[in-house]
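Q: this is the structure alone, sequence omitted:
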């Protein structure tokens, strides 16, 4: 079966691991457990009638303590750039990370997941900013690892984009 | 047992697994196959058989590329994989780390089970990251409280202003000596408290409120060179203490002067923020320079430092976003630069930052040049005279007694205004709403009409519209001063759009009331004006009250022109409003074409997501931009959407959005033509000009 390496990228505490858990195991834990290494999971999806194994690399979030190793992205077919929609700064950080990735790896399919969409009262990403991102060619998904909203859709979209490559 | 064998057994016992790399992803176990390896990857079939470790772990397979490179290069030391997690057959997560080394020509891979130390490491990271999150939350809380404080302080000043007015009235009565003393004391304390509150407002949320004030015309407009020199004087001691030089650099080409649109205390604060920022990043022994450049329509000011420059990943515009902080977090809560941005943009300017070629960064802002016309000078002279006479406002009757109509639904406010006006020697009549104001205008002639913005049955804006409609047949221009609860720049625009001549902040203060009314009515007694129909003077500009600086600058001449603006195309409108400045027109068109679609996208998104607050905010923003180009239908549609958003009533929003979109498209079409034309004498050549709805209307 065809395998595609997908990396989860973004700042710390944006919900990368939670999205993977929701997607792979349909589980969500309210408690924040920081990731300090890399965890690899797999899930088979059907994209455009074709079964595909997504090899999900859940990579620790960048912060002042840890920088991401670009070598982890070797052979990556696509990535989910995860942002905490209730922390505007994580969007800026994610886009900066994206620029670094693009410079290092080149252009690969990516989906921008504005996560924690269930916390609408704390939402900080303005629609205008989102419109800018969409205009810049980003596929934006409003995900919630807590409710599961748009999680499957985000990975599905990425799978299709990778197949189309 | 050889020493090597003992060592290999020891490693295995301590949770290490040692392998020799054979090539092609295969390894040979050197010291055994620990249980944890067996739990993850299954039992070792035969010690002498190669183990295809790379095939068992995607992470290891990836690391092997780095390891092979390391072995091939014969580098000293080791190559490390970093931590990763494997799941064993019981579903437990096992943290591992791989290290590649070369020993005696052998390619060695050491796998380490980190289970014992990992918990502690995880806890450390967890605590540190939780602290970062708490810190972020705290900053947001501080911001919320600052905004709340601003609102509270703003509300506190309102009754105090009213109290001051009442004390003012009492002072004019024939009070017995002791009572007069008490009234004086009361007035003094009330004014003191008002000053204190305004001080707090200034300190905590100065720019949010003070955006409203700006001078647009020389010679009253602030002088950037003076502000820059003051900033240098103020900051020099702090810079000296840090052993950083601070000086005024280039400011050539100043023959046209350095006066700009703005307000000097705000500009001082902008310089202050930029200098504080430079001071944080400039290294000891380096220099910070303020420079000025004269451009055609703008004056540019910049602060250059010799610090590290902007981080490569930093988008300059992010620096000016709310809560944005430098990567070193050397600043405070990320508000300073944000306030600079909103202040400068409100004045029609721009702000930015960039890394300088060579060393350091440049933070700059530019502001529109203040308008210097004979009319401005005359207006300023009138204003100066008015200021000179400020004290006399209190002491003597007005030179001319005016007939004034006051429409205000709040009884106390109405009575207060009427009383103040009567004390001044004017004849004043009060009514409680707009309809009664129209009825009173049918009965009597008034020199000035004061209209409260929000009144039952008919608002101040609706009343103004009705009065202006009547003027089409009468040819007379009624002086109207709007009274607003906020007197912000937005109010100013709204009032201007509605055809009012000036604005006053509520609660009304005695000095500003007299100044506004009498300055506005000055045109009635000016010989120059009497010779012109429709009072084509500048009552509004002269009416600028100190406490309500956002007085609408809409002259009656503008208003009459405005009535014809309904049928104007964008270019004609722009030529009229910019005095035919083609470069400025193209620049305005270009800015609109870039920025306005984003505002429209925000509106669309807000309607789709039923986000009323966002709709109101985005529609308000777009409305202001559209008004620059005339576009009355588009402005009306945006205004309607803003009102729907504010009323949290989105049922009719889709229909209004459609109107807005179609009007927007027409305007966009016109502006594209303006923008693309090299010398746009008309938006597009006559023959190829598209027949827009507006031009079709015009033909009919």
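A: Received it, and whenever you're ready, just let me know what you need. This structure is a prediction, so every number in the text was calculated from the model and none was measured. Numbers count the residues shown, from 1 in each chain, chains lettered A, B, ... in the order given.

Q: okay, CA-based contacts and neighbour counts for the rest of this
A: OK.

Q: which residues of chain B lie near chain A?
A: B:58-59, B:62, B:82-86, B:122, B:125-126, B:129, B:313-314, B:318, B:324, B:598-599, B:601-602, B:605-606 (Cα under 8 Å from any Cα of the partner chain).

Q: so which strand or helix has the spatially closest residue to residue B:626 that is not a sequence neighbour?
A: Using Cα to Cα, 6 or more residues apart in numbering or on different chains and skipping the chain neighbours, the partner closest in space to residue B:626 is residue B:635 (5.8 Å). Secondary structure from DSSP states H and E places residue B:635 in helix B:632-646.

Q: may I see the buried residues of that helix?
A: Neighbour-count burial for helix B:632-646, counted by 16 or more other Cα atoms under 10 Å in any protein chain shown, picks out B:632-646.

Q: re the thing from before, ChimeraX command to pick out the buried ones of the residues of chain B next to chain A?
A: ChimeraX command restricting the residues of chain B next to chain A to the buried ones, with burial defined by 16+ other Cα under 10 Å:
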select /B:58,59,62,83,84,85,86,122,125,126,129,314,318,324,598,599,601,602,605,606
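
Q: so which of the residues of chain B next to chain A sit within strands?
A: Assignment to strands by DSSP state E places the following of those there: B:82-86.

Q: got the domain ranges for chain B?
A: Here the domain parsing of chain B from automatic domain parsing is B:3-113, B:119-210, B:224-368, B:396-561, B:570-699.

Q: would you mind listing the buried residues in the worst-scoring helix or strand of chain A on mean pLDDT?
A: Least confident helix or strand, chain A: helix A:127-135 with a mean of 90, by mean pLDDT, DSSP states H and E. For helix A:127-135, the neighbour count (16+ other Cα under 10 Å) marks A:127-128, A:130-131 as buried.

Q: skipping adjacent residues, who's closest to residue B:300 in space?
A: When the adjacent residues along the chain are set aside, residue B:300 lies closest to residue B:366, with 4.2 Å between them (Cα to Cα, 6+ apart).

Q: so that neighbour bridges to which residues?
A: residue B:300, residue B:350 (DSSP bridges).

Q: surely it is in contact with residue B:350?
A: Yes. Contact between residue B:366 and residue B:350 holds when scored by Cα atoms under 8 Å: they sit 5.5 Å apart.

Q: touching both of the two, which residues are there?
A: residue B:344 (Cα atoms under 8 Å, 6 or more residues apart in numbering or on different chains).

Q: who has more neighbours out of the two?
A: Higher neighbour count among residue B:366 and residue B:350: residue B:366, with 24 against 19, using other Cα atoms under 10 Å in any protein chain shown.

Q: ok, the more buried one - contacts?
A: So residue B:366 contacts B:298-301, B:344, B:349-351 (Cα under 8 Å, 6+ apart).

Q: tell me, how many residues neighbour the closest residue to residue B:671 other than its chain neighbours?
A: The spatial neighbour of residue B:671 that comes closest, neighbours along the chain excluded (Cα to Cα, 6+ apart), is residue B:589 at 5.5 Å. Using other Cα under 10 Å, residue B:589 has 26 other residues around it.

Q: same question for residue B:603.
A: 30.

Q: tell me the contacts of it?
A: Per Cα under 8 Å, 6+ apart, neighbours of residue B:603: B:614-615, B:618-619, B:657.

Q: at 6 Å what do you get?
A: Neighbour list for residue B:603: B:615, B:618 [criterion: Cα atoms under 6 Å, 6 or more residues apart in numbering or on different chains].

Q: related to what we said a few turns ago, wait, does the least confident helix or strand of chain A make contact with chain B?
A: Yes. Judged by Cα under 6 Å from any Cα of the partner chain, helix A:127-135 and chain B are in contact via A:127-128.

Q: chain center to that helix, what's the gap?
A: Centre-to-centre, helix A:127-135 and its host chain are 18 Å apart (Cα atoms, centre = their mean, to the nearest Å).

Q: picking up where we left off before, quick one: buried residues of the next helix or strand after the helix holding residue B:635?
A: The helix or strand immediately downstream of helix B:632-646 is helix B:653-676, counting by DSSP H and E. Residues of helix B:653-676 classed as buried by neighbour count (16+ other Cα under 10 Å): B:653, B:656-657, B:659-661, B:663-664, B:666-675.
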